[in-house]
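S.K.: build me a model:
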Amino acid sequence: MTSLPHWTYAAAEQKSAEVTDWAARIGWLVGLALFVALIYWLMREGWKWRGTLQGDLPELPVAPDEPGEVRLTMSGRYHGSTTAGQWLDRIVAHGLGTRSRAELTLTNTGLDVVRPGAADFYIPLEALREARLDKGIAGKVLTEGGLLVVTWAHGERLIDSGFRSDTAAEHNEWVETLNKMINKTTETEGAR
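M.R.: So this is what the prediction gives:
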């Protein structure tokens, strides 16, 4: 039988002690939590500042008591509003930046947007400018044609508002109907 050197047995029996520096770990966790809180606070302040800068935007119209005949309805999501033609310039004033579920009702007098948990708004027919299918609006990018974008005038601004139906096949009908109504209104106003 071969005998192993004495130091081999000593090395085999030794185990290194587990080293845990709890103070350092807790310090890192507290630091990380403070960093995340700072980032969140800065984002919130930026959102509020954007709302302040957009303070010139008038209050949103409300639906009339007699909205007229219902043309179309849609259930889906409201993804936000931006300055028309600038899909990354989000408008946050008056709750227009808040994403939510939405119930859209198109009547002969305009478009009523009912949003549970957020401010409802109404777009009068004479304020509507265009409807189109698009792929994105600030913070939301979908496949080509996955978003119904309605352009409308409010105060001195043109605004794009993005909606996505629970049934995407409805989008084409909405674009056609809205654009027909807009063109008819434009022709009627031009004849006066």
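
S.K.: which helix in the protein runs the most residues?
M.R.: In the chain, taking DSSP state H as the definition, the longest helix is helix 22-53.

S.K.: any idea of the mean pLDDT for that one?
M.R.: Throughout helix 22-53, pLDDT has a mean value of 88.

S.K.: flag every buried residue along it.
M.R.: residue 51 (16 or more other C-beta atoms under 10 Å). Any C-beta I mention is one placed from the backbone N, CA and C, and that applies to glycine too.

S.K.: for that helix, what is the distance to the chain centroid?
M.R.: With C-alpha atoms, centre = their mean, to the nearest Å as the basis, helix 22-53 stands 22 Å off its chain's centre.

S.K.: can you list the strands that the following helix or strand past that helix pairs with?
M.R.: Per DSSP states H and E, the first helix or strand lying C-terminal to helix 22-53 is strand 70-83. Applying DSSP bridges, strand 70-83 is found paired with strand 90-91 (antiparallel), strand 100-107 (antiparallel), strand 157-165 (antiparallel).

S.K.: what pairs with residue 110 across the strands?
M.R.: residue 107, residue 124.

S.K.: right, and it touches residue 125 too?
M.R.: Yes: using C-beta atoms under 8 Å, residue 110 makes contact with residue 125 at a distance of 4.6 Å.

S.K.: who has more neighbours out of the two?
M.R.: Higher neighbour count among residue 110 and residue 125: residue 110, with 22 against 18, using other C-beta atoms under 10 Å.
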